[in-house]
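Visitor: coords please:
(2 chains)
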Amino acid sequence: MAPTSASAADSPAQSAPDTIENNLQPFFVLHKASSRKSEKRSAGTGKTRRRIDLSPSPTKKTEKSEECDEQHRFEQLRMEAFELVWSKIDSTIKDVLRGINTNVFDEIHRWVCESFYTIKSFGTPGIAEATRAFPIVTDASSKLLFAGLVLTKNMEFVDDLLTFEEVGLCLKSHGCHVANLSSLDFSAKNGIGGCLRGLLRQFLMATLDAADMSILASWYREQENNNSPVVVIIDDMERCCGSVLSEFILMLSEWVVKIPIILLMGVSTTLDAPRNLLPSNVLQQLCPSKFVLGSPAERMDAVVEAVLVKQCSGFSVGHKVAVFLRNYFLNQDGTLISFIRALKIACALHFSMEPQSFILGGLLDEEEQEGEKSGLLPEIILKNAPQLPLYVRSFNRNQMAEQNGKSLVHGLSELKGLHKCWSIVVLCLYEAGNCNKIRLLDLLCEALDPDLYTSKASNNVVLENDCGLPITSDRFMRQKYSTSQKGGLISQIIRKVRDLPAATLYQLLKNWEKITMDVPEIHDKVKELQSEFRFEDGKLKQNVDDISKRHSSLSPINSEKDSKAISEKAAALLDSLVGDFFRPIECIPFHETVCFKSVEKLQSALIGDPRRRIQVDLLEFYKILRCSCCSKSGNILVPSMHDTSVMYTLAQEHGDLINLHDWFQSFKTIVLRPSKKGKPKSKQSPLPKKRKDMNESENKSEASIQARFCRAVTELQISGLLRMPSRRRPDCVQRVAFGL
Amino acid sequence: MSVQLLDPNVSKKNAGKFASRAQTKRAKFSSLHSLRLPRHFWHINQLEKSLTMETNNDIEDMEEEEEFGFSRNYFLAKELGSSGKKSARKLSEINLVDEQELRAAASNIEPKHEKEVVALMNSYKSLYSKWVFELRCGFGLLMYGFGSKKALIEDFASMALTDYSVVVINGYLQAINIKQVVIALAEVLWDQLKSKRATSSGNLPKVQQPFNSRSMDDLLAFLNGSEAEDKDCFICVVIHNIDGPALRDSETQQYLAQIASCSCIRIVASIDHVNAPLLWDKKMVHTQFNWCWYHVPTFAPYKVEGMFFPLILAHGSTAQSAKTAAIVLQSLTPNAQSVFRVLAEYQLSHPDEEGMPINILYTVCRERFLVSSQLTLNSHLTEFKDHELVKTRRHSDGQDCLYIPLTTEALEKLLMEINQ
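Guide: As a prediction, the model looks like this:
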């Protein structure tokens, strides 16, 4: 630490002995929060920031500090906007997931109530029995423990953590006593005491040293409302320690008359799981029931629909980012929670990078207060407009500097309108593609592709200049669009609509009607088609509800012909919608404010790749350090290179074992090698100095080379690229990483 | 590896195929890597070329190559290790300098590219505000890349995080008591809340119990508490080497993850090990640590981090292992030492045997009045085994026998030392 931080002149002065002492402390307090914190933060960070930016031009101090304050004010605004937007997205996601699960939750609740009454029917203990500190057992059936097995249909239990939390809350709201345990509570190390303590902690809100079921029993008796079930939720049963879990179950079953405990366990594989984990005497005590949660793909579609298509928050992502998110979901992780996290990082990056993003917060505010105070957004922007150009200039965004607040307001509301139309068309397409199992995320990726739009728009010059809705009459162009996109999902969906049977088509139109409710332009068209449906197909009108019956009652030839015509029309409608309203966000002016596009930044923040990157750091260090001495040498090792890099490059030539002797010799050769090219600029190269040293005292140089070798080995060991010699092979180290 | 089961020519041919593919791939990336092919490769490659015409279906193989690159590289390296002439040079052939001299030289290593390293560190300063923003958004920062990141992170903490309390954990040390850390965190948070309430004239509930007598769960609950309604009131925990020796076990990582998920805590951590992400499962990564990765190679020397690593050229020598063994032995009873001596002498006089059968050891020790029963001998042996002074292996006739895992020279040295 010493050389670098000492030479970095503007780092805070820290006395050296202090640092050394701190380095050996397991932990220490670097500093406490400054008192400025309690004041308004604006002053606080403003100052810090100034210190950071100080270096280049101290002469323009006042101007700079002003700018800094300004910058800071906007940063604060962006921070607030992020919080607003993300909390909106977050709550939307939660709502959506809860919505998906409501049916299962209701089912679970019903089952809990039934089980509770069954337990009660075994009889309630009398006061004398109930106050005794040991369980009562009357007969075998009263020892039965009701256990709900929730099949998560998902190998990754992370996605279901939230679900189990939610089911807990849901049951609590119905008056049950609920405790959530996880597999960590059922570890072999802590044994039965661990999970019991966990239970007591959650029910009694206190940590007790002596964990005992009788405490829980007396707690339950003392509850005012001891007429409600006690539900214990274990979210990932399969990861529990089997012996601890079986002991726990046996214990609960003995107490079940006194404390009506009902188990709810998450199972990610199959119903066999308990059989594999628990011995048969434990299984006999369980009275299992099965519940099934929605599949991850289903949940994914619902989340994407709410967050990215319907745009609950106004925040959106560009095409490349969407494609990245999809690939990340499919290839990397496959969990919804990772997708949500990726989205959150995208959102945070957007607000930290995009200077104008704070407007998004205002936009959202406006939306929420619509009705009471419409037009708040323009106010906010206009209020900040005077500062905008200055601020924007400081970020070197000249193109934006010319626009004043008003055009921004106009542009943004237009963007909102256009985007709404777009999202409705996407939803219509999704609805149509639903029967073909098309995933919304795939569709979204195509729908966001700006290239499709531009290739379409380039056919129609009028579209280019027009910021508003494109002209709708040019049917030919639209046809061209769909035919030019044969392979795409969108054209696939449109084609499929043509082949839809009447019944499905009718349902589809009905759904479209619902989706397009808010946009009269589209809604009218759908209505029109719907009415046509009724006119052409008289029988349908009479018997809308019983679709299948109606379908069979039609004479086959006639109905086929009719429905063919209508589905043709529906496809044409969809086609025209795509042609008219399908404008990806990246093709709308001002989209920078709301749309995150920087996929590289997202990727690097989301997926660290230490295994590859650290090796590349070593092998191509000159690209990072940008030194003049080593970059020219190409692939040839020169003595001026970083020692560890030289060593690691040399290590590439060895097999899985590196003979230390050979390695050291080749390292020494390279370090001592006079670089031929280096001669003219010998002053820069440390080599000649070394050689002089060597002439003076060979021993000293030998020691330093050995020391450098040792340090390089240590550094490779810290990086995990080497394993130390074993006793069996004391002269060899082991390579760990092979290839990038 | 199955290749080795085939006859040597086939295996060579296979190796050649691998090698030529690897070579073409390497040639493609030669601008990227400064990799050089070992000499064996060239020979094998020439052979391969003379045998078969090289086909050029490489482009379609690209994808596959990427995918199997790792495993193939591994097997290639294995192949090299076994088929190539294994160098049997001993470390002792190097004229090793004295350990003290080596340590002195190690502390005086001339840094290379000093200017560039400083410039690199300074270039990261522009990211500070972004990092703060992300911390405030609720993410943890995870720094990786080659070079010590200690100075960088501490500089970041003392420059840009002045508004927040910062606690530093030095994960590169050998042992850290995580509970002590959590207690310290709770105390810092308590101070912070107190000073805040003092200004806003509210009052906190009195602490019922001093922090150091509370349970871990309680402490974590306090750190996760709702007492701080202000979202922006958090403590920054800097963890140097979250993958370090003291923090590497899964229990500690679980605790760290729980700490990280507390609402009043933000983590800024660094990793150096290429496999560090394997420490965490998906729950920890996605719901608790919530990392934002940053690739920040510094190329600064791992001075403090490497402090506890033995120098390889000092460690490998027989002197070192004999010395550590001697230290252990000297702490044992004289009788135990004598038992060990019996074993060592046997091993020195029977260098070709697998070891000393236990019954022989027992007889000898009894004769010399070192032990009175099998039980006492066993207790001595357990002690030796715990300190890895003695190991057992199966004799060729099926009998268990004892041996000392040291070289003859080291053993002689050791005997000299304990005889003193």
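Visitor: just give me the residue closest to the centre of the chain.
Guide: Defaulting to chain A. Nearest to the mean C-alpha position of chain A, counting by C-alpha atoms, centre = their mean, stands residue A:341 at 1.9 Å.
Visitor: I was thinking of chain B, sorry if that wasn't clear
Guide: Centroid-nearest residue in chain B, with C-alpha atoms, centre = their mean: residue B:245, separated by 6.1 Å.
Visitor: surely it meets residue B:170?
Guide: No: shown here, residue B:245 and residue B:170 do not form a contact pair, counting by C-beta atoms under 8 Å, at 10.9 Å. All C-beta atoms are positioned from the backbone trio N, CA, C, and that covers glycine.
Visitor: for chain A, which helix is longest?
Guide: Across chain A, the longest stretch assigned as helix under DSSP state H is helix A:61-121.
Visitor: can you give me the strands in the stretch 201-350 of chain A?
Guide: Per DSSP state E, counting those that start in this stretch, the stretch 201-350 of chain A carries strands over the ranges A:230-234, A:261-267, A:286-292, A:316-317.
Visitor: could I get these as JSON lines with distance to residue A:252?
Guide: Output for the strands of the stretch 201-350 of chain A, formatted as JSON lines (distance: least, C-beta to C-beta, whole Å):
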{"stretch": "strand A:230-234", "distance to residue A:252": "8"}
{"stretch": "strand A:261-267", "distance to residue A:252": "5"}
{"stretch": "strand A:286-292", "distance to residue A:252": "10"}
{"stretch": "strand A:316-317", "distance to residue A:252": "48"}
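Visitor: nearest residue to residue 238 in space, please, no chain neighbours.
Guide: You didn't say which chain, so I picked chain A. Leaving aside its sequence neighbours, residue A:238 sits nearest to residue A:273 (C-beta to C-beta, 6 or more residues apart in numbering or on different chains; 5.3 Å).
Visitor: wait, chain B
Guide: Among residues not flanking residue B:238 along the chain, residue B:168 sits closest, at 4.5 Å (C-beta to C-beta, 6+ apart).
Visitor: show the pLDDT at the one you found.
Guide: The model reports residue B:168 with a pLDDT of 94.
Visitor: given the helix or strand that contains it, what are its sheet partners and their directions?
Guide: Residue B:168 belongs to strand B:165-170 when elements are defined using DSSP states H and E. Partners of strand B:165-170 in the sheet, by DSSP bridges, are strand A:27-31 (antiparallel), strand B:235-240 (parallel).
Visitor: which stretch in these has the least confidence?
Guide: Confidence, taken as mean pLDDT, is least for strand A:27-31 of the strands paired with strand B:165-170 (a mean of 89).
Visitor: show residues contacting that one.
Guide: Residues outside strand A:27-31 that contact it (C-beta atoms under 8 Å, 6 or more residues apart in numbering or on different chains) are A:22, B:154, B:157-158, B:162, B:165-170, B:176, B:180-181, B:184, B:188, B:238.
Visitor: point out where the stretch 201-350 of chain A drops to low pLDDT.
Guide: A:207-211, A:224-226 (pLDDT under 70).
Visitor: ranges for the helices of it?
Guide: Here the stretch 201-350 of chain A has its helices, by DSSP state H, counting those that start in this stretch, at A:213-222, A:242-255, A:273-277, A:280-283, A:296-304, A:319-327, A:336-353.
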